[in-house]
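In: just to be clear, the model below is a prediction. Sequence and coordinates:
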Amino acid sequence: MGEDYYTVLAGGVGAAKFIQGLVRVVDSSNIKIVINTGDDIELFGLRICPDIDIITYSIAEVVDKEKGWGFENETFNCLSILKNYYDNEWFNLGDKDLAIHIYRTDLFRKGFTKAQITSDICKKLGIKAKLIPMSDESVTTYIDTSLGKLHFEEYYIKHKCKPEILDISFNGSNKAKPVRGVIDYIKNAKKVIICPSNPIVSIGTILSVKEIKKTLISVKDKVYAISPIIEGSTVKGPANKMMDFFGYEVSSLGVAKFYKEIIGHFIIDRKDQSLKPQIEELGIKTYCFDTLMTNIQKKESLARDVINL
Ligand code: GDP
């Protein structure tokens, strides 16, 4: 029997929506969130962790609700001046957001780890859920494209996912170890929930840390994934292009095939219920719910559906 907590694997915006629902359904102190760090980047000399920040701001309810990232009521004064000195102004960093990056960078320089810093920031924002970077070691997602090898954020934000994908790699993942506690949190959780995140560059990056993947395989009967694909399309972002690149059809069936080794249960949208028999043939129990989280009620309702399974 598992402990009384839930362990969640998360990317950015898709994950944050689900987690906003989850914290309304489950006592936050019983939620452990293992977060992708492959998108982490250094800009203007500052350490930026986009997925950790999206989840942090979302739980703290300071996130820009429209965009799903950054602070609400944000201003961009600092960036407008930085543009005079740098040419990497393609990454939108608001003034409040920059304050977090300055603080994080300061703590890095003082010798604290990513996990310790994340924990500290969460504590200061009053977050009771435990947010854990997948690894303290650097793992960086690169997209090899027709324009050359690009950092994931460069591909996503600067080039708007337009260049043709030639390869996707997770630099450093061979040597990366999970942050202390992650393996036990996966082993001992009541359920492990994989958020509706990009399977390749959010969850796939977490899986590139071998010990995490191995542990998930060993407990797959309690691993539940939520499909980020509805009716053959992504809700947002380049998951479709990436699945296509690796030869997976862009559908919940394709996502199920990608996760086959590590999940025992799969949540797909009601609109995709015709795929249920084919997914179950893979040996995965499949459930159909409304998975498009367009408001807080829908986020909460999906979280409740998954918890009650
Ligand atoms: P990113 O790192 O900010 O791109 O965020 P994630 O990796 O967490 O999430 C991206 C994925 O979330 C995309 O593939 C979207 O299709 C999916 N997604 C976003 N919103 C929703 C939603 O409301 N429902 C479902 N099922 N998937 C969603």
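Out: Here it is on my side, so go on. Numbers count the residues shown, from 1 in each chain.
In: and the residue nearest to residue 130 when sequence neighbours are not counted, which of the three is it?
Out: Of all residues not flanking residue 130 in the chain, residue 32 sits nearest, at 4.7 Å (C-beta to C-beta, 6 or more residues apart in numbering). Just so you know, the C-beta spots here come from the backbone N, C-alpha and C atoms, and that holds for glycine as well. Of the three states, residue 32 takes strand according to DSSP: H, G, I helix; E, B strand; the rest coil.
In: against the ligand, how distant is residue 32?
Out: 17 Å (C-beta to the nearest ligand atom, to the nearest Å).
In: so that residue sits against residue 6, correct?
Out: Yes. Judged on C-beta atoms under 8 Å, residue 32 makes contact with residue 6 at a distance of 7.3 Å.
In: who's the residue nearest to residue 130 bridged to?
Out: On the basis of DSSP bridges, residue 32 is bridged to residue 7, residue 130.
In: for it, give me the pLDDT.
Out: If you check residue 32, the pLDDT there is 98.
In: use 2 as the first number from now on
Out: Renumbered: residue one is now 2, and that last one reads residue 33.
In: and for it, the neighbour number?
Out: Residue 33 has 22 neighbours, counted by other C-beta atoms under 10 Å.
In: so what's residue 68 up against?
Out: With C-beta atoms under 8 Å, 6 or more residues apart in numbering as the criterion, no residue contacts residue 68.
In: report the distance from stretch 148-157 to the chain centre.
Out: 18 Å (C-alpha atoms, centre = their mean, to the nearest Å).
In: buried sites along that stretch?
Out: 151-157 (16 or more other C-beta atoms under 10 Å).
In: likewise stretch 217-227?
Out: Buried-residue list, stretch 217-227, by 16+ other C-beta under 10 Å: 217, 220-221, 223-227.
In: now swap in stretch 269-278 and tell me
Out: 269-270, 273, 276-277.
In: report the distance from that stretch to the chain centre.
Out: The answer for stretch 269-278 is 23 Å, by C-alpha atoms, centre = their mean.
In: just the closest residue of this structure to the ligand, please.
Out: residue 15 (2.2 Å; C-beta to the nearest ligand atom).
In: name the helices or strands packed onto the strand or helix carrying that residue?
Out: According to DSSP states H and E, residue 15 maps onto helix 14-26. When contacts are defined as 3 or more C-beta pairs under 8 Å, 6 or more residues apart in numbering; DSSP states H and E, helix 14-26 packs onto strand 7-11, strand 32-36, helix 51-60, helix 297-309.
In: residues contacting residue 91?
Out: By C-beta under 8 Å, 6+ apart, the contact set of residue 91 is 155, 158-159.
In: distance check, it against residue 235.
Out: 22 Å (C-beta to C-beta, to the nearest Å).
In: helix or strand: which one has residue 267?
Out: strand 266-270.
In: hmm, back to that, redo the buried residues of stretch 148-157 as TSV? Include distance to the ligand, secondary structure and pLDDT.
Out: Below are the buried residues of stretch 148-157 laid out as TSV (distance: C-beta to the nearest ligand atom, whole Å; DSSP: H, G, I helix; E, B strand; the rest coil; pLDDT from 0 to 100):
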residue	distance to the ligand	secondary structure	pLDDT
151	15	strand	97
152	14	strand	97
153	9	helix	97
154	10	helix	95
155	14	helix	95
156	12	helix	96
157	7	helix	95
